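A.B. asks: 3D, please:
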Amino acid sequence: MRRVVFNQKGGVGKSSIAVNLAAIEASRGARTLVIDLDPQCNSTHYLLGDDANNPESDVYGFFEQALSFQLKPLPPHSFVHATPFDNLSILPSHPDLGDLQSKLESKHKIYKLRDAVVELKEDFDVIYIDTPPAFNFFTLSALVAAERCLIPFDCDEFARQALYSLLNNVGETREDHNAHLQIEGIVVNQFQPRASLPQKIVAGLEAEDLPVLATRLPASVKMKESHNEAKPLIHLAPQHKLTQAFVALYEELSARS
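C.D. replies: Residues are numbered from 1 along each chain as shown. Just a heads-up that it's a prediction; the model follows:
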């Protein structure tokens, strides 16, 4: 199963959702990979901690070798790193990844990630792809490579307005490049159940028959602690309410499979 976590708006929790779902998946025995395509490297730092600063190989190197003919290119698994957590690996990002974008676009390398993911299926049961907060070459590569798209959503009006453009972009990608791509659902993040505005916005999305998932992820400082410790919630605080919400989200998604 190949799942991309995507939203063109920043600060909606893409990396947190990708990493924590992947960590739950791995804790249940699935060989799990996170691919970090965001030059901010949040997923990379989340899973590797201080080791994220100097990885020997990363997604920059993977895409860079695609820019010229290689008689014997390194296989995709050469760029993958183990994490401190059982069954969980990462293909780390790099802060300079964005520098390759125009070169990759001009050489029409949009299917390189898809081809790599097909190879990596031999080594992994589940692949999560974290994306930058933009609809660009790397995001499109992820949507082309994935089977399912999970959309994080924070409850404000700007996020609601941006959602329609996002859904159109995913739909066009499905039509033009990847007929197997499905929108798996909208994940309501940082939800405050006692506040009227979030309830109103979510109710409006549901009234429009948009695919809003039933599980709500509550706001919690525990997430920042998890980032600082470089330890996913299932390993840091398995009984915490936010961890349990992630488990519920994981189970909801699994039931839809």
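A.B. asks: Ala22 contacts Tyr128, correct?
C.D. replies: Yes - in this structure, Ala22 is within contact of Tyr128 by C-beta atoms under 8 Å, at 4.5 Å. Using the backbone N, CA and C atoms, a C-beta is placed for each residue, glycine as well.
A.B. asks: more neighbours, those two?
C.D. replies: Ala22 (31 against 28; other C-beta atoms under 10 Å).
A.B. asks: am I right that Ser89 is in a strand?
C.D. replies: Yes - applying DSSP: H, G, I helix; E, B strand; the rest coil, one finds Ser89 inside a strand.
A.B. asks: can you name the residues bridging to it?
C.D. replies: Leu33, Ala82 (DSSP bridges).
A.B. asks: was I right about it contacting Val34?
C.D. replies: Yes - with contact defined as C-beta under 8 Å, Ser89 counts as touching Val34 (7.4 Å).
A.B. asks: neighbour count winner among the two?
C.D. replies: Val34 (30 against 23).
A.B. asks: wait, that one sits on Ile17?
C.D. replies: No - with contacts counted by C-beta under 8 Å, Val34 stays clear of Ile17, the gap being 11.2 Å.
A.B. asks: for the protein, longest strand please?
C.D. replies: strand 182-191 (DSSP state E).
A.B. asks: can you give me the offset of stretch 25-39 from its chain's centre?
C.D. replies: Put simply, stretch 25-39 sits 9 Å off its chain's centre (C-alpha atoms, centre = their mean, to the nearest Å).
A.B. asks: and stretch 148-164, by the same measure?
C.D. replies: Computed by C-alpha atoms, centre = their mean, the chain-centroid distance of stretch 148-164 equals 14 Å.
A.B. asks: also stretch 1-18?
C.D. replies: Centroid displacement of stretch 1-18 relative to its chain, using C-alpha atoms, centre = their mean, is 4 Å.
A.B. asks: repeat that for stretch 244-257.
C.D. replies: The answer for stretch 244-257 is 16 Å, by C-alpha atoms, centre = their mean.
A.B. asks: CA atoms only: put it into PDB for me.
C.D. replies: Below are the C-alpha coordinates for stretch 244-257, written out as PDB (Å, rounded to 0.1, in the frame of the first residue of the first chain):
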ATOM      1  CA  GLN A 244      -5.000   6.800  20.900                       C
ATOM      2  CA  ALA A 245      -6.600   9.200  18.400                       C
ATOM      3  CA  PHE A 246      -3.900   8.200  15.900                       C
ATOM      4  CA  VAL A 247      -4.500   4.500  16.600                       C
ATOM      5  CA  ALA A 248      -8.200   5.100  16.000                       C
ATOM      6  CA  LEU A 249      -7.400   6.900  12.700                       C
ATOM      7  CA  TYR A 250      -5.100   4.000  11.700                       C
ATOM      8  CA  GLU A 251      -7.900   1.500  12.500                       C
ATOM      9  CA  GLU A 252     -10.400   3.600  10.600                       C
ATOM     10  CA  LEU A 253      -8.200   3.600   7.500                       C
ATOM     11  CA  SER A 254      -7.400  -0.100   7.800                       C
ATOM     12  CA  ALA A 255     -11.200  -0.900   7.900                       C
ATOM     13  CA  ARG A 256     -11.600   0.900   4.600                       C
ATOM     14  CA  SER A 257      -8.800  -1.100   2.900                       C
END
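A.B. asks: which outside residues touch that stretch?
C.D. replies: By C-beta atoms under 8 Å, 6 or more residues apart in numbering, the residues outside stretch 244-257 that reach it are 1, 20-21, 24-25, 150, 184-185, 187, 213-218, 233-234.
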